[in-house]
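Colleague: Just a sequence and a predicted model for now, questions to come.
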Amino acid sequence: MRRNRRRLLLIVAAVVTTAVVGTVAFVAVNLAGAANGIRHSDAELPTAAPGVAQDEGEQNILIMGLDSRVDEDGKPYPQEIYDAIHAEDASVGGYNTNVLMYVHIPAGGGQAVAVSIPRDDYVDYAGAPGGTKKGKIKEAYGRAFAAKNDELRAAGVAEDDAYQQARDAARTEEMQTVSQFLGGVPIDHFVEVTMAAFYRVAQAVQPISVCLNQATADTYSGANFAAGEQQIDASQAMAFVRQRRDTEYRNVFLTDLDRTRRQQAFMVSLALKLRDAQTFTDFGRMQDLLDTAKQYVAVDKGFDLLSLASTAQRLAGGDVTFQTLPVERFGTIDGESVNIVDQKAIAAQVSALLHPEPASTTEASSAPSEEPAATASETAAPSASPSPTSSVYTDSQQPMRSGSVPCVN
């Protein structure tokens with residue numbers, strides 16, 4: 001009797017082990033195969049500038065969210081997507097990177113940090129695309145795309161080939177500009193996401209929990225939310241992360257910085273949903289996400305999908321803190337509303353976030369710093385715009401930690 005029972009247990013254990021190994025192998029094969037359908041870009045990745053620290057084994061990923069209304073081949077979205085995201089059609093919008101997030105994953109574990117770069121920060125362009133040396137950081141991509149596309153078409157390059165080469169030139173310029181702006185930091189990988197990709201991902205895992213400090217509505221983005229924690233669908237998720245004004249409530253004042261904060265909050269909530277819904281072991285959901293990636297996402301040629309899935313699963317576990325880079329004041333340059341920033345102070349802050357000193361060293365070296373000198377952008381176009389000292393701005397500068405649904409404006 002005991003011998004038969006032991007034999008039965010061994011058989012069951014063997015079956016379970018085979019099933020687990022087979023499942024893992026199935027997921028791995030499918031993920032690896034799916035990678036063949038995702039656009040891998042030849043864009044040039046920035047290496048660390050001389051004197052900038054980089055630990056062996058760390059990963060630095062730039063997430064670029066485009067406001068374009070077309071897919072990775074320049075083709076229009078299905079009409080149902082335009083309707084759902086309140087984005088009109090393919091003729092609207094350009095190639096601005098309205099979302100820029102630099103994600104640092106330390107070597108050997110440790111908490112990751114995601115640094116959001118406000119899209120209107122006025123910066124030096126790394127390659128002066130189209131002869132333009134300065135501008136909003138979000139526009140580096142679009143300016144480089146337009147300049148390269150015009151150049152190639154004038155040289156007789158076929159339209160589709162010119163388009164893809166121009167997109168690679170745009171990615172290179174945006175990454176080089178971001179790297180330079182953050183103090184010469186390396187970018188090991190990038191993930192480029194279109195509006196449609198965001199919507200499809202939200203569709204695959206909806207509903208998603210978010211929390212708002214007050215009720216708010218906006219006719220431009222389609223936002224219409226009650227105060228407090230609530231569950232939203234994919235269409236509402238698009239409105240949640242795009243809203244930057246309120247058109248209904250007199251006591252609600254929102255800015256672009258609140259939109260950045262919303263994006264961070266949504267990523268935290270999305271990570272919680274991915275973890276709690278066991279998305280990474282749900283073949284149906286994974287297939288939906290993979291199908292989305294093939295049409296609406298681009299990555300660098302060295303970024304394999306298995307690595308991306310592993311990274312996403314780790315971050316879904318709550319091991320990340322979100323930071324927003326500071327803005328000195330709001331201003332106007334060449335008729336454009338911009339964020340005036342202190343690039344040297346930002347580079348120092350990013351360096352401290354990526355490679356913090358031991359606590360004792362930090363305490364010993366803490367001393368009042370001198371006032372930063374005026375930047376070229378400040379002297380180029382004086383502005384009477386007020387400094388961003390409101391409670392809205394102050395809230396946006398507080399670190400956001402993953403692990404629970406955060407409440408935002």
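Modeller: That came through, no problem.

Colleague: Spell out which residues sit in contact with the nearest residue to residue 214 once chain neighbours are set aside, please.
Modeller: Distances taken as C-beta to C-beta, 6 or more residues apart in numbering put residue 227 closest to residue 214, at 5.1 Å, once the chain neighbours are dropped. Just so you know, the C-beta spots here come from the backbone N, C-alpha and C atoms, and that holds for glycine as well. When contacts are counted by C-beta atoms under 8 Å, 6 or more residues apart in numbering, residue 227 is found next to 212-215.

Colleague: Walking through the stretch 251-400 of the chain, point out its strands one by one.
Modeller: Secondary structure of the stretch 251-400 of the chain (DSSP state E, counting those that start in this stretch): strands at 297-300, 320-324, 329-333, 336-340, 400-401.

Colleague: Looks to me like residue 100 is in a strand.
Modeller: Yes. According to DSSP: H, G, I helix; E, B strand; the rest coil, residue 100 belongs to a strand.

Colleague: Tell me how far the residue nearest to residue 214 lies from residue 42.
Modeller: 47 Å (C-beta to C-beta, to the nearest Å).

Colleague: for residue 78, same thing?
Modeller: 28 Å.

Colleague: before we move on, what about residue 228?
Modeller: Taking C-beta to C-beta, one finds residue 228 at 47 Å from residue 42.

Colleague: Also residue 304?
Modeller: From residue 304 to residue 42 the distance is 16 Å (C-beta to C-beta).

Colleague: between those two, which one's more packed in?
Modeller: residue 304 (16 against 13; other C-beta atoms under 10 Å).

Colleague: Report pLDDT for that one.
Modeller: Residue 304 is assigned 71 on the pLDDT scale.

Colleague: returning to that earlier point: highest neighbour count among the contacts of residue 227?
Modeller: residue 212 (20 neighbours).

Colleague: And residue 88, its phi and psi?
Modeller: phi 60, psi -110 (degrees, to the nearest 10).

Colleague: Just give the closest residue to it, not the sequence neighbours.
Modeller: For residue 88, the closest residue by C-beta to C-beta, 6+ apart turns out to be residue 82, at 6.4 Å.

Colleague: Now for the one you found: which residues touch it?
Modeller: 69, 88-89 are the contacts of residue 82 under C-beta under 8 Å, 6+ apart.

Colleague: Highest neighbour count among these?
Modeller: Highest count within the contacts of residue 82 by other C-beta under 10 Å belongs to residue 69, 21 neighbours.

Colleague: ok, back up a step: between all of the contacts of residue 227, which two are separated the most?
Modeller: Spanning the widest gap among those are 213 and 215, at 9.4 Å by C-beta to C-beta.

Colleague: quick one: low-confidence ranges for the stretch 151-300 of the chain?
Modeller: 276-288 (pLDDT under 70).

Colleague: Tell me where it has helices.
Modeller: Assigned by DSSP state H, counting those that start in this stretch, the helices in the stretch 151-300 of the chain fall at 159-181, 195-205, 234-242, 256-276, 283-296.

Colleague: Next, format the ones you listed as CSV and append mean neighbour count and distance to residue 116.
Modeller: Putting the helices of the stretch 151-300 of the chain into CSV (neighbours: other C-beta atoms under 10 Å; distance: least, C-beta to C-beta, whole Å) gives the following:
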stretch, mean neighbour count, distance to residue 116
helix 159-181, 21, 12
helix 195-205, 23, 15
helix 234-242, 22, 12
helix 256-276, 22, 5
helix 283-296, 17, 21
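
Colleague: can you list those in a markdown table and add distance to residue 248?
Modeller: Shown next, in a markdown table, are those (distance: least, C-beta to C-beta, whole Å):
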| stretch | distance to residue 248 |
| --- | --- |
| helix 159-181 | 35 |
| helix 195-205 | 24 |
| helix 234-242 | 13 |
| helix 256-276 | 16 |
| helix 283-296 | 32 |
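
Colleague: Which one of those helices lies nearest to residue 112?
Modeller: helix 256-276 (11.1 Å).

Colleague: Give me the neighbour count for the nearest residue to residue 192 once chain neighbours are set aside.
Modeller: In this structure, residue 192 finds its nearest non-sequential neighbour in residue 298, 4.2 Å apart by C-beta to C-beta, 6+ apart. If you count neighbours by other C-beta under 10 Å, residue 298 ends up with 24.

Colleague: pretty sure residue 298 is touching residue 170, no?
Modeller: No. Using C-beta atoms under 8 Å, residue 298 is not in contact with residue 170, being 10.7 Å away.

Colleague: Mind telling me which residue is nearest the centre of this structure?
Modeller: When C-alpha atoms, centre = their mean is applied to the chain, the residue found nearest the centroid is residue 63 (3.7 Å).

Colleague: Tell me which other helices or strands the strand or helix carrying that residue touches.
Modeller: Following DSSP states H and E, one finds residue 63 within strand 59-66. Strand 59-66 sits against strand 97-105, helix 159-181, strand 189-193, helix 195-205, with contacts defined as 3 or more C-beta pairs under 8 Å, 6 or more residues apart in numbering; DSSP states H and E.

Colleague: ok now the last one, how far from the chain's centre?
Modeller: Pointing back at helix 195-205 there. 14 Å (C-alpha atoms, centre = their mean, to the nearest Å).

Colleague: Give me the helices and strands touching it, please.
Modeller: strand 59-66, helix 79-85, helix 234-242, helix 256-276, helix 283-296.

Colleague: Sheet partners, orientation included, of the first one?
Modeller: What it means is strand 59-66. Partners of strand 59-66 in the sheet, by DSSP bridges, are strand 97-105 (antiparallel), strand 189-193 (parallel).

Colleague: For residue 292, which of the ones you listed is the nearest?
Modeller: strand 189-193 (9.6 Å).

Colleague: How about residues contacting the closest one?
Modeller: 41, 43, 45, 59-66, 72, 99, 171, 175, 296-300, 302-303, 308.
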